[in-house]
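Enquirer: The sequence and its predicted three-dimensional model are supplied below.
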Amino acid sequence: MPQGPRVKQIIALLIAAAAVAAAIPLTHPVNVDFTPVGVNFKWNLNPLCMNAQGLNAVEPDVVTSQHPAVALLMAMPGGLRAPLVNYLWIRSQDLHQEGKHYDAMQMADLICKLSPQFPGVWKFQSWQMAWNISATCDTREDRWRWVYNGIKLLRDQGLEINPTSILLYNQLAWTFIEKVGGDMDEMHWAYKQALAKMMQDLLASPPGASTTAAIEAFMPIANAPVDRNPLHRADEAHKYIQADQLALVLHGPADENSPLKIYHQPQAAEYAARLAALGVAIDRSLLQAYNAWSKDDAVATARSAYQSVEPGDDRTKALAELINDPAYADARKALLAFVRAQILWNEHHMDSRFMMELMIRFNAPLDWRVAPSHALYWTLYGVGASGHKFDSSFDSVALARMVTYCLKDMTWFGRMTYEEDPANPNWPKIHFSADRRYIALVQQEYDMLIQAWLAGERAKGTTPLPTYKDNLHRDGHINYLSQAIQMLWFRGLVGEAQQYFDWVRANYKPAEPEWNGTLEEFLFAKLVQDKNIIPLRVSQQLTASIQSALVCLALDDRAGYNRYMAYAAGVYQEAAKRLSKRDMKGWEQFKTPLAAQLRDLLVDPRAQGYELPLSARIKLYAAIAERWPSRSADDPGPVLMVYDMVAPYLSRQCKVAGESFDQAFPAPQFLQAYRDKRGQPLAPKSE
């Protein structure tokens, strides 16, 4: 007798129920194998990277305590979870297609919680937010919100549950280096501005004098007390501050013989009480007060030069005075370092100790306001957490390439000029320039990477054994050094450029004809053979040649100034004709990169690799004021554009040298009108 539809449905349901019942006993060993763990490791600085030593699991309570919803959903039998995940996945994609992204995000959140120990699920959902959903938004605020949602999904949830997954660390690093640090998205400047603002508010500007100064400035943050047990991470409700750790700074440990007494700052409690009387707690509000009123260079020079910084009412005046009171200098330093370390760990899930170790390992002044620094952090933190050992495998080579990729990016964009914009408080004015200090680091990393690859090939018994000049990274290495040679030459560092040029010829013996002549012939060949103008190349050559021109002018080398400035003008004119407005962002006028380079050389030429005494900078200031005069507040010259940013530095240097600041660096014409114009509040607008 033929079976009707109803009978078939009943039979199918019975079979499905039997399958689910049979699957339930099998879920226990799966759940045991995938028990989430935390990590507790010590870093070992080996020649290539940091690797975890003694990787120890902590109690899986990190899930039940920090993610109770995940623990609850994990109690569901695997036989039920699988079909539910499939349904939610399909439904979330439908919602995305319909433009209902917030509904889809809720679905994605549920999918991740149903499959918490499968890194691929977290990776896909993060990528969906940062790349796909963000691209459907129209404003920079919405774009950045979705990009940062993708970052936080991995950083705050996925890695909390899967702390040894190199896949998730790599994806997080890729989001920073490519989505935030890259330029493929038309709103990439907004992402760079948002990250810069976030980290400037938290850590302030790093000192530019030297790498040693940058490391020393970060040392108190690395040494501040933080309980790094994931179970004890403070949340937003607690202002991301661990109360027991704060007590160590304010009052010290109960046991006078405890080694934790090193965290106690004698004046901290008194200073905290005085701040509390003015409405400032030892949390983010301390950073806000410091950023608003401190006269320290780390924040004063980033503050908008066109806004009044004079406190208004009595309370604000008292707060500004207390923030700068030299009597509490040590207490203020300790409390600022404590708050910064706490927020780094509890909110950004970043270990300040490891951040400092990276700076020491590479001997580099890592600026945490730029995306490559974060990508480098998460790549190598993941290497240590997962216990990865570098070899010649594909995955290992990809990780090592990420390290060099980050350092290469900082070669071209490692220096940031930062200024608040009163018209758009959340979107500061930022400008990037090259940092030649990273060239030697990249060269060192490439050499170690190549040696590790050759050792791996030797261990595998590869025949014939590849030689150094035929290594896997050859093309990328040569291309990088080719660009570095050009940058060094245009900065006037001909000797360094010649050394790298000779090294490539000796070690790689390239067959291309441009490598067979002199350095000057090589540079000329590179210029005429490039048919397409690349924004990266424009940035390198424009900033390098402008800086060389200004140095020549400071040293009375007028011919050198004219030569380098003429080249820079030619690069700019060609770029303006052939690049899009998006690629020319920040260079709308030639005076903009000129002013940025002038600022850096006037304030601290040593950070740029030059020794320019104060007398030379006085000449440079006067010469630029004469050659590039201001026509009005609407048509400012470079000196007017940078005056308020450089004045605090130069006035102190003049005082030390016994010079009159007003005579050495006279205020430019139209200064007050320019301040009024730039300080006028405007309605924020999207780019």
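Expert: Cool, the structure landed.
Enquirer: State the pLDDT value of Trp89.
Expert: pLDDT recorded at Trp89 is 55.
Enquirer: Equivalent analysis for Leu594, please.
Expert: 90.
Enquirer: contacting residues for it?
Expert: Counting by CB atoms under 8 Å, 6 or more residues apart in numbering, Leu594 makes contact with Ile546, Trp628, Pro638. (Each C-beta comes from the backbone N, C-alpha and C, glycine too.)
Enquirer: Of these, which is the most crowded?
Expert: Ile546 (28 neighbours; other CB atoms under 10 Å).
Enquirer: I'd like the distance between it and Leu598.
Expert: Remark: distance between Ile546 and Leu598 (CB to CB, to the nearest Å) = 9 Å.
Enquirer: now do Met645
Expert: Distance, Met645 to Leu598, by CB to CB: 10 Å.
Enquirer: What ranges in this structure fall below the confidence cut-off?
Expert: 1-4, 7-115, 209, 304-309, 390-392, 527-537, 540, 582-587, 679-687 (pLDDT under 70).
Enquirer: which residue ranges form the strands in it?
Expert: 39-45, 50-57, 415-419, 429-433 (DSSP state E).
Enquirer: ok, and the closest non-adjacent residue to Arg233?
Expert: Using CB to CB, 6 or more residues apart in numbering and skipping residues adjacent in sequence, the residue nearest Arg233 is Asn346, 5.2 Å away.
Enquirer: do the same with Leu612
Expert: Pro605 (4.0 Å).
Enquirer: so the one you found touches Leu614, yeah?
Expert: No - here Pro605 lies out of contact with Leu614, judged by CB atoms under 8 Å, at a distance of 10.1 Å.
Enquirer: which one of these two has more residues nearby?
Expert: Applying other CB under 10 Å to Pro605 and Leu614 shows that Pro605 carries more neighbours, namely 20 against 15.
Enquirer: and Ala511, how many neighbours?
Expert: Ala511, neighbours per other CB under 10 Å, totals 7.
Enquirer: Report the separation between it and Lys469.
Expert: 11 Å.
Enquirer: Kindly report the same for Trp131.
Expert: As judged by CB to CB, Trp131 and Lys469 stand 38 Å apart.
Enquirer: rewinding a little: residues near the residue nearest to Arg233, how many?
Expert: Asn346: 22 neighbours (other CB under 10 Å).
Enquirer: List the residues that contact it.
Expert: Arg233, Ala234, Asp235, Tyr240, Ile241, Gln242.
Enquirer: Leu366 now?
Expert: Counting by CB under 8 Å, 6+ apart, Leu366 touches Pro206, Ala214, Met355, Leu358, Met359, Ser373, Leu376, Met410.
Enquirer: Would you agree the fourth one is in contact with Ala375?
Expert: Put plainly, it is Leu358. No - using CB under 8 Å, Leu358 makes no contact with Ala375, being 11.5 Å away.
Enquirer: neighbour-wise, which of these two wins?
Expert: Legend: neighbour count by other CB under 10 Å for Leu358 and Ala375, higher for Ala375 (26 against 20).
Enquirer: contacting residues around the more buried one?
Expert: Ala173, Trp174, Phe176, Ile177, Gly181, Met402, Tyr405, Cys406.
Enquirer: More neighbours: which of Met645 and Leu598?
Expert: Leu598 (27 against 23).
Enquirer: Can you show me the helices along the stretch 51-200 of the chain?
Expert: 61-66, 68-74, 78-97, 101-114, 119-127, 134-135, 140-152, 159-161, 166-174, 188-203 (DSSP state H, counting those that start in this stretch).
Enquirer: Please enumerate residues in contact with the last one?
Expert: Residues outside helix 188-203 that contact it (CB under 8 Å, 6+ apart): 140, 143-144, 147-148, 179-182, 185, 221, 287-288, 291, 302, 340, 343-344, 348, 368-371, 374, 416, 418, 426-428, 430, 585-586, 687.
Enquirer: Then the shortest one?
Expert: When contacts are taken as CB under 8 Å, 6+ apart, the neighbours of helix 134-135 outside the stretch itself are Asp142, Arg143, Trp144, Trp146, Val147, Gly150, Asp185.
Enquirer: quick check, distance from it to the centre of its chain.
Expert: 21 Å (CA atoms, centre = their mean, to the nearest Å).
Enquirer: just the contacts of Asn346 now: which is nearest Arg437?
Expert: Tyr240 (32.9 Å; CB to CB).
Enquirer: quick one on the thing from earlier: pull up the gap between the residue nearest to Leu612 and Val504, please.
Expert: From Pro605 to Val504 the distance is 29 Å (CB to CB).
Enquirer: Save the contacts of Leu594 as JSON lines, and put in distance to Tyr572 too.
Expert: Converted to JSON lines, the contacts of Leu594 look like this (distance: CB to CB, whole Å):
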{"residue": "Ile546", "distance to Tyr572": "9"}
{"residue": "Trp628", "distance to Tyr572": "14"}
{"residue": "Pro638", "distance to Tyr572": "14"}
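Enquirer: Looking at the residues you listed, which is nearest Trp127?
Expert: For the contacts of Leu594, with Trp127 as the reference and CB to CB as the criterion, the closest is Ile546, at 38.4 Å.
Enquirer: list the contacts for that closest one?
Expert: Ile546 touches Tyr564, Met565, Ala568, Pro593, Leu594, Gln597, counting by CB under 8 Å, 6+ apart.
Enquirer: Show me the residues you listed that map onto helices.
Expert: Tyr564, Met565, Ala568, Pro593, Leu594, Gln597 (DSSP state H).
Enquirer: Roughly how far does the second one sit from Tyr674?
Expert: In other words, Met565. 24 Å.
Enquirer: The first one too?
Expert: Distance of Tyr564 to Tyr674, given as CB to CB: 28 Å.
Enquirer: Surely Ser433 touches Val370?
Expert: No - with contacts counted by CB under 8 Å, Ser433 stays clear of Val370, the gap being 11.4 Å.
Enquirer: Overlap in contacts, these two.
Expert: Residues touching both Ser433 and Val370 (CB under 8 Å, 6+ apart) are Phe413.
Enquirer: So if I had to pick from the two, which one is more boxed in?
Expert: Neighbours were counted for Ser433 and for Val370 using other CB under 10 Å; Val370 has more, 25 against 22.
Enquirer: what's stretch 500-509 in contact with?
Expert: 439, 443, 468-469, 474, 477-478, 481-482, 484-485, 488, 510, 515, 519, 522.
Enquirer: Repeat the analysis, applying 10 Å as the threshold.
Expert: Contacts to stretch 500-509, defined as CB atoms under 10 Å, 6 or more residues apart in numbering, come from residues 439-440, 443, 447, 450, 467-471, 474-475, 477-478, 480-482, 484-485, 488-489, 510, 515-516, 518-519, 522-523.
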